[in-house]
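Engineer: I would like the atomic coordinates for the input below:
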Amino acid sequence: MEQLREGTLIYVGVDEAGYGPRLGPLCVAFSIFEVAGWRPGAGAPDLWKALSRAICRDLKDTRSGLIAVNDSKRLRLAPKPDARADDARHITHLERGVLAFLASAGVTPQSDQQLLDALTGPPRSSLPWYACDPQPLPRTTTADHLTLMAGGLARACEGAGVRLLKARCRAMDEALFNQRVTRSGNKASVSFAVIAGILRRVWENYAARPDLADGGPRIVVDRQGGRMRYADALTRAVPGAQVRTIEETPLHSRYELVAGDRRMSVLFLVEAESEHLPVALASMIAKLTRETLMLRFNRYWSARIRELKPTAGYATDAGRWLRDAGPH
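Structural biologist: Okay, here's the model as predicted:
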């Protein structure tokens with residue numbers, strides 16, 4: 001029986017924020033971790049357990065100084081009824097978690113613009129409500145507190161043989177999103193086109209690394225909607241790779257991509273952020289990017305319509321915001 005080779009694992013998570021709202025951008029994010037000494041067949045690494053000296057899942061455990069890492073919907077606090085357009089208290093745990101992980105990778109943005117530069121890069125939106133003056137970071141704690149949290153996380157990562165290699169987000173503004181939906185005919189294809197670009201990037205940059213454990217990079221994508229079959233879409237996303245379907249069920253769809261000495265596995269999983277930390281962090285990155293842009297959106301419009309209350313952009317409240325803004 002062939003002996004599977006132990007080695008380094010490239011462990012990738014992909015998630016989005018903004019697929020459902022009526023106002024604001026669509027944000028699709030990914031995080032790429034390198035995990036040392038992974039043995040194929042051992043199952044996905046439990047990075048919550050590996051980094052338990054510094055992170056937790058439950059918000060109540062943050063009182064002891066741990067950093068919350070979870071599905072962004074579980075970490076975003078409800079905005080206060082009297083919240084101002086620049087009130088960022090609702091993103092406290094999103095901001096602290098993402099900034100701490102970025103700092104562990106040597107990225108320390110000092111303003112919201114530097115954060116957007118680090119996560120999204122070009123191209124920039126041409127919409128005026130995203131071109132506000134930079135705001136200093138962190139917004140929800142002190143710089144000393146963030147340094148303390150980031151230092152603890154860095155030590156936990158080093159001790160566990162875990163390293164964040166990259167964290168990025170594709171932020172698609174309303175104009176571009178609407179244009180692509182009109183061209184393609186549906187939102188799902190627009191979102192998947194971004195995911196396809198991430199898959200190609202991982203394939204091109206990591207799949208041929210000789211030090212990787214057998215099987216190559218592992219990518220986990222949070223699955224939206226009822227779609228179960230992705231083989232044809234993966235064939236188009238990664239030209240030249242043979243796509244083998246491992247299993248397709250209502251909860252998960254798993255595939256292996258092969259081309260010469262390159263290997264990569266892709267798992268589409270319902271509620272993946274609850275089982276895979278890289279997906280949870282991607283969820284937080286996507287949500288923080290969107291919330292950062294929505295804070296700019298609200299500052300812009302509230303400066304022009306003083307009585308206009310801020311919005312997160314989701315269906316019911318977006319309707320309220322559009323009605324209130326309509327007369328102006």
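Engineer: and the helix or strand hosting residue 9, average pLDDT?
Structural biologist: Taking DSSP states H and E as the criterion, residue 9 maps to strand 7-17. For strand 7-17, mean pLDDT rounds to 95.
Engineer: which other helices and strands contact the helix or strand just after it?
Structural biologist: Note on strand 7-17: by DSSP H and E, the next helix or strand toward the C-terminus is strand 26-38. In terms of contacts (3 or more C-beta pairs under 8 Å, 6 or more residues apart in numbering; DSSP states H and E), strand 26-38 is packed against strand 7-17, strand 162-172, helix 187-206, helix 277-304. The C-beta positions use only the backbone N, C-alpha and C, and glycine is treated the same way.
Engineer: ok, 6 Å please
Structural biologist: With contacts defined as 3 or more C-beta pairs under 6 Å, 6 or more residues apart in numbering; DSSP states H and E, the packing partners of strand 26-38 are strand 7-17, strand 162-172, helix 277-304.
Engineer: can you state the direction angle for the longest one and helix 187-206?
Structural biologist: This means helix 277-304. Here helix 277-304 runs at an angle of 130 degrees relative to helix 187-206 (axes from the mean of the first three to the mean of the last three C-alpha atoms, to 10 degrees).
Engineer: contacting residues around whichever helix or strand comes after helix 277-304?
Structural biologist: Going down the chain from helix 277-304, the next helix or strand is helix 315-325, by DSSP H and E. For helix 315-325, the surrounding residues in contact (C-beta atoms under 6 Å, 6 or more residues apart in numbering) are 22-23, 308, 311.
Engineer: mind listing what residue 45 touches?
Structural biologist: Contacts of residue 45 by C-beta under 6 Å, 6+ apart are residue 35.
Engineer: check for me that it belongs to a strand.
Structural biologist: No. Using DSSP: H, G, I helix; E, B strand; the rest coil, the assignment for residue 45 is coil, not a strand.
Engineer: doesn't residue 182 fall inside a helix?
Structural biologist: Yes. Judged by three-state DSSP, residue 182 forms part of a helix.
Engineer: now do it, the pLDDT please.
Structural biologist: 96.
Engineer: mind listing the strands for the stretch 51-200 of the chain?
Structural biologist: Assigned by DSSP state E, counting those that start in this stretch, the stretch 51-200 of the chain shows strands spanning 55-56, 67-68, 162-172.
Engineer: save these as TSV, and put in mean neighbour count and distance to residue 239 too.
Structural biologist: Shown next, in TSV, are those (neighbours: other C-beta atoms under 10 Å; distance: least, C-beta to C-beta, whole Å):
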stretch	mean neighbour count	distance to residue 239
strand 55-56	24	38
strand 67-68	22	39
strand 162-172	21	20
